[in-house]
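Novice: Based on what follows, work out the 3D shape:
(chains A, B, C and D)
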2 protein chains.
Amino acid sequence: MPGTEIEGRYSYQYPHPAVTVDCAIFGLDEDKLKLLLIQRDLEPFAGSWALPGGFVRMDEDLEAAARRELEEETGVRKVFIEQVGAFGKPSRDPRERVITVAWWAIVNLYEHPVKADTDARNAAWFPVDELPPLAFDHRDILDTALGSLRGKVRREPLAFEFLPRKFTLTQLQRFYETVLGETLDKRNFRKKALSYGILSELKEYEIGVAHRAARLYSFDKPSWNRLRKAGGSFSV
Amino acid sequence: MPGTEIEGRYSYQYPHPAVTVDCAIFGLDEDKLKLLLIQRDLEPFAGSWALPGGFVRMDEDLEAAARRELEEETGVRKVFIEQVGAFGKPSRDPRERVITVAWWAIVNLYEHPVKADTDARNAAWFPVDELPPLAFDHRDILDTALGSLRGKVRREPLAFEFLPRKFTLTQLQRFYETVLGETLDKRNFRKKALSYGILSELKEYEIGVAHRAARLYSFDKPSWNRLRKAGGSFSV
DNA sequence: ATGCATTCGTGTAGTATATACACTATTATA
DNA sequence: TATAATAGTGTATATACTACACGAATGCAT
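Specialist: Now for the predicted structure:
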């Protein structure tokens, strides 16, 4: 049954590989970009940390499979998710041929705090620049995912998927500095960030800080949609 | 055997989907961006045009599978190829579950003319803006591939994968105008293209034209490597 | 041989965008 | 009330982008 005459010209019988999805789940925590990892309890790589993932079901879309894994792991439903690509070196799993379709996702830890290490399974958030060795080819996958995340952050207002609904311009700046790994000039940053007209200045200020309180802003999605339709982008 | 306890926490037995590779093969011909398509002779979609593709073998890397298909179809070995991503809607093939990993590739039709329609199988080059209806979800795949190609062309000197080894600046400009779908100012284009220092001015001119002959240039790869290492990009 | 049609090749001025840079204002706390 | 910490603001310079027109070279038709 498997493989027979699929795609027309090829009629020899191929055995089928297993197909999984793996997710690089990013979040912003204490001004650091963090990644959710799971500690494996079975061989191979028992004890190693790995990207959460699992099998694609036979009647399930790839994105649906990724979202299902994501929700099982974090409890969060509507998140930003994007495909990284397929990884399929024949030797990537020592047991049998497994092709994985990798995704990256953003969970907003301010709106949906995900307490990773409290449940039975051993899961934890790691700063992306202090990761333990990863199982399988997950380091490759992560590096690709990080590249894809950074590229997207440069061109689209993804920052607001990470930040609280009300944020200060300094928080916004810190985010870009953290994710892009470069320092930015305060005045130029504010000038540019505001110039797109997609930030609403609120009449509120941060509270509980031991210095002058900063004004809060929120992301104005309608303005961004208008700007995008007009061919605009958003890069700081 | 399939699916058992793979990835640790999941131990139920999954049937495995078939996995294929499909290739969007681009080339430049008569100042037009063209795509190589194959006419299917079997159901489903018999008679329709489709992206060339086929099964991934059990011991074969995904990229190797794509390159094998590519060579079977065009006879060309060393081409630029990049993954588009995985496509896996459960209904995309009416016979059984097939997940495809799509790739796009560039063949240089000046250096390796691929006479598509001469062999037994019915294959042909189509201008990307005059494509026939495509089989399966190949239209989706192609649109994604085109987006990926255009993005890459904006940032990296991919133009030279399409053009003859010796080319005129007008040819180069036409390429960008064709692929990016916008007209460019001649003087500004030349100024900018030359400013990166990755084009070598040759002492040769085009021949056989019924007007003033244009100077020929070639792409200086070492210069590009130096520029790239220094963090530079290439965008016209 | 001459004129025609066609493409090649070139520079400048104006505008917009990006960069560099330092001090006063506000608030909590000691 | 002094201190420590961060917020908030403007200008001058350099760089990059845009718009724009005409003489030079060549094959071809007459």
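
Novice: buried ones in the top helix by length along chain A?
Specialist: Using DSSP state H to define each element, chain A has its longest helix at helix A:138-155. Residues of helix A:138-155 classed as buried: A:138, A:141-142, A:144-146, A:148-149, A:153 (neighbour count, 16 or more other Cβ atoms under 10 Å in any protein chain shown). Every residue, glycine included, has its C-beta placed from N, CA and C.

Novice: Pick the one among those residues closest to chain B.
Specialist: The closest of the buried residues of helix A:138-155 to chain B turns out to be residue A:144 (Cβ to the nearest Cβ; 9.8 Å).

Novice: Who does the spatially most central residue of chain A form a beta bridge with?
Specialist: Of all residues in chain A, the one closest to the mean position by Cα atoms, centre = their mean is residue A:105, 2.8 Å from it. For residue A:105, the beta-bridge partners are residue A:25, residue A:81 (DSSP bridges).

Novice: Please report how far it lies from residue A:27.
Specialist: Residue A:105 sits 9 Å away from residue A:27, going by Cβ to Cβ, to the nearest Å.

Novice: Setting aside sequence neighbours, what's the nearest residue to residue A:51?
Specialist: In this structure, residue A:51 finds its nearest non-sequential neighbour in residue A:22, 4.4 Å apart by Cβ to Cβ, 6 or more residues apart in numbering or on different chains.

Novice: Give the buried residues for the helix or strand hosting the one you found.
Specialist: In the assignment (DSSP states H and E), residue A:22 maps to strand A:18-29. The neighbour-count check on strand A:18-29 (16+ other Cβ under 10 Å) flags A:18-28 as buried.

Novice: got the domain boundaries for chain A?
Specialist: Per automatic domain parsing, the domain ranges recorded for chain A read A:18-155, A:159-229.

Novice: any idea which of these is most buried?
Specialist: Of all the domains of chain A, domain A:18-155 has the most neighbours on average by mean count of other Cβ atoms under 10 Å in any protein chain shown, namely a mean of 18.

Novice: Straight-line length of that domain, end to end?
Specialist: End-to-end span of domain A:18-155 (Cα to Cα, to the nearest Å): 35 Å.

Novice: Quick one: name the residues of chain A near DNA strand C.
Specialist: A:185-188, A:191-192, A:209-213 (Cβ under 7 Å from any atom of the strand).

Novice: now, which of the residues you listed lie within helices?
Specialist: Going by DSSP H, the helices hold A:186-188, A:191-192 from the residues of chain A next to DNA strand C.

Novice: Would you check that residue A:17 makes contact with residue A:97?
Specialist: Yes: with contact defined as Cβ atoms under 8 Å, residue A:17 reaches residue A:97; the gap is 4.0 Å.

Novice: Return every residue with contacts to both of those two.
Specialist: Each of residue B:58 lies in contact with both residue A:17 and residue A:97 under the rule Cβ atoms under 8 Å, 6 or more residues apart in numbering or on different chains.

Novice: mind checking the SS state of residue A:76?
Specialist: Following DSSP: H, G, I helix; E, B strand; the rest coil, the label given to residue A:76 is coil.

Novice: residue contacts, it?
Specialist: Residue A:76 makes contact with A:70, A:107, A:112, A:114, according to Cβ under 8 Å, 6+ apart.

Novice: all strands in chain A, in order from the N-terminus.
Specialist: Using DSSP state E, the strands of chain A run over A:18-29, A:32-39, A:49-50, A:53-55, A:80-87, A:98-106, A:123-127, A:199-205, A:215-219.

Novice: can you tell me which of the ones you listed comes nearest to residue A:179?
Specialist: strand A:32-39 (5.6 Å; Cβ to Cβ).

Novice: who does that closest one pair up with?
Specialist: Applying DSSP bridges, strand A:32-39 is found paired with strand A:18-29 (antiparallel), strand A:49-50 (antiparallel), strand A:123-127 (antiparallel).

Novice: Can I get that strand in PDB, CA atoms only?
Specialist: Output in PDB follows, covering the C-alpha atoms of strand A:32-39 (Å, rounded to 0.1, in the frame of the first residue of the first chain):
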ATOM      1  CA  LYS A  32      15.900  38.000  28.100                       C
ATOM      2  CA  LEU A  33      14.900  35.900  25.100                       C
ATOM      3  CA  LYS A  34      14.100  32.500  26.400                       C
ATOM      4  CA  LEU A  35      13.400  29.100  25.000                       C
ATOM      5  CA  LEU A  36      11.200  26.300  26.400                       C
ATOM      6  CA  LEU A  37      12.900  23.000  26.600                       C
ATOM      7  CA  ILE A  38      11.900  19.500  27.800                       C
ATOM      8  CA  GLN A  39      14.200  17.100  29.500                       C
END
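
Novice: Now it: average pLDDT?
Specialist: Across strand A:32-39, pLDDT averages out at 97.

Novice: On the pLDDT front, check residue A:42 for me.
Specialist: Residue A:42 is assigned 90 on the pLDDT scale.

Novice: before we move on, what about residue A:114?
Specialist: Per-residue pLDDT puts residue A:114 at 87.

Novice: ok, the residue nearest to it when sequence neighbours are not counted - contacts?
Specialist: Nearest non-adjacent residue to residue A:114, counting by Cβ to Cβ, 6+ apart: residue A:74, 4.6 Å away. By Cβ under 8 Å, 6+ apart, residue A:74 lies in contact with A:25, A:36, A:107, A:112, A:114.

Novice: From residue A:113, how far out is residue A:74?
Specialist: Applying Cβ to Cβ, the value for residue A:74 to residue A:113 is 10 Å.
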